[in-house]
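Q: When you get a sec, could you give me coordinates for this:
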Amino acid sequence: MPRLLKFNIFRYNPQDSESAPHTDEFVVEETDAMTLFIALNRIREEQDSSLQFDFCCRAGICGACGMVINGRPGLACHTRTSDLSTEITLMPLPVFKLVGDLSVDTGTWFRKMYDKTESWIHTKRVFKDNELEERMDNKVAEDIYELDRCIECGCCVAACGTARLRDDFMGAVALNRIARFMVDPRDKRSERNYYEIIGNDMGIFGCMGLLACEDVCPKHLPLQNQLGFLRRKMGIAAIKNLFRK
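A: Sure, this is the predicted structure:
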């Protein structure tokens with residue numbers, strides 16, 4: 001006999017003055033290999049077409065379907081209902097602006113993050129279209145690729161205790177982004193340049209080291225290693241700055 005799944009789903013439309021935050025209950029019959037993505041689409045198609053949630057690729061690549069699943073941030077398309085109990089509570093990711101129900105605006109937050117981290121290669125080299133691409137050691141390229149696997153789903157930010165308390169904290173995703181450029185030999189920023197971006201309570205020194213970010217990362221990025229790397233580098237940079245004064 002297939003299981004009957006009871007969903008408690010957060011509902012609220014901030015653009016509707018008559019809407020109030022609450023949860024609605026839906027019951028869905030479980031099918032083989034069902035994911036939360038499939039279940040939510042069935043609810044919207046068969047029970048309530050007004051239900052709001054985000055999705056795109058359904059393959060764990062776009063990061064759009066991030067939500068809080070039984071108290072833990074994760075991706076709906078990655079989460080099989082067979083791994084959950086018969087009662088499932090779904091909430092929107094905190095920290096980000098709520099659009100409606102389970103849908104949040106991660107784009108605005110990430111746009112600000114790009115600006116804060118200056119998320120582009122800093123170089124004075126002039127591009128010449130007739131030149132070969134710049135050579136790079138394979139190991140370095142692999143290290144950059146490893147950090148570039150982030151899909152910007154926002155789960156690490158939603159799970160971060162500091163980000164929940166302070167809206168100016170950059171979060172693990174931004175710190176990982178900085179680590180990616182520090183590894184890249186094409187980026188010519190100095191250690192002091194990086195320190196000016198993340199060497200403060202908004203950056204690496206605001207991290208409490210709870211590592212919930214790594215626990216919930218759907219791509220299993222080595223965030224613990226990167227945060228430790230940055231903390232050491234920026235700690236040394238802070239000491240050097242003291243002696244410069």
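
Q: send the alpha carbons of the lengthiest helix in the chain over as PDB?
A: For the chain, the longest helix by residue count, based on DSSP state H, is helix 223-244. What follows is helix 223-244, C-alpha atoms only, in PDB (Å, rounded to 0.1, in the frame of the first residue of the first chain):
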ATOM      1  CA  LEU A 223      33.000  25.000   3.000                       C
ATOM      2  CA  GLN A 224      34.700  24.000   6.300                       C
ATOM      3  CA  ASN A 225      38.100  23.900   4.600                       C
ATOM      4  CA  GLN A 226      37.500  27.200   2.800                       C
ATOM      5  CA  LEU A 227      36.400  29.100   5.900                       C
ATOM      6  CA  GLY A 228      39.400  27.800   7.800                       C
ATOM      7  CA  PHE A 229      41.700  28.800   5.000                       C
ATOM      8  CA  LEU A 230      40.200  32.300   4.900                       C
ATOM      9  CA  ARG A 231      40.300  32.700   8.600                       C
ATOM     10  CA  ARG A 232      44.000  31.900   8.700                       C
ATOM     11  CA  LYS A 233      44.900  34.100   5.700                       C
ATOM     12  CA  MET A 234      42.900  37.100   7.100                       C
ATOM     13  CA  GLY A 235      44.200  36.600  10.600                       C
ATOM     14  CA  ILE A 236      47.800  36.900   9.200                       C
ATOM     15  CA  ALA A 237      46.800  39.900   7.100                       C
ATOM     16  CA  ALA A 238      45.300  41.600  10.300                       C
ATOM     17  CA  ILE A 239      48.600  41.100  12.100                       C
ATOM     18  CA  LYS A 240      50.500  42.500   9.100                       C
ATOM     19  CA  ASN A 241      48.200  45.500   9.100                       C
ATOM     20  CA  LEU A 242      49.000  46.200  12.800                       C
ATOM     21  CA  PHE A 243      52.700  46.300  12.100                       C
ATOM     22  CA  ARG A 244      52.200  48.600   9.100                       C
END
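
Q: The chain - how does it break down into domains?
A: Annotated domains of the chain cover 4-103, 118-244 [automatic domain parsing].

Q: and whichever strand or helix holds Ile38, what does it pack onto?
A: In this structure, Ile38 sits in helix 36-46 according to DSSP states H and E. Counting contacts by 3 or more CB pairs under 8 Å, 6 or more residues apart in numbering; DSSP states H and E, helix 36-46 is packed against strand 4-11, strand 22-29, strand 87-91. Quick note: C-beta positions are derived from backbone N, CA and C, even for glycine.
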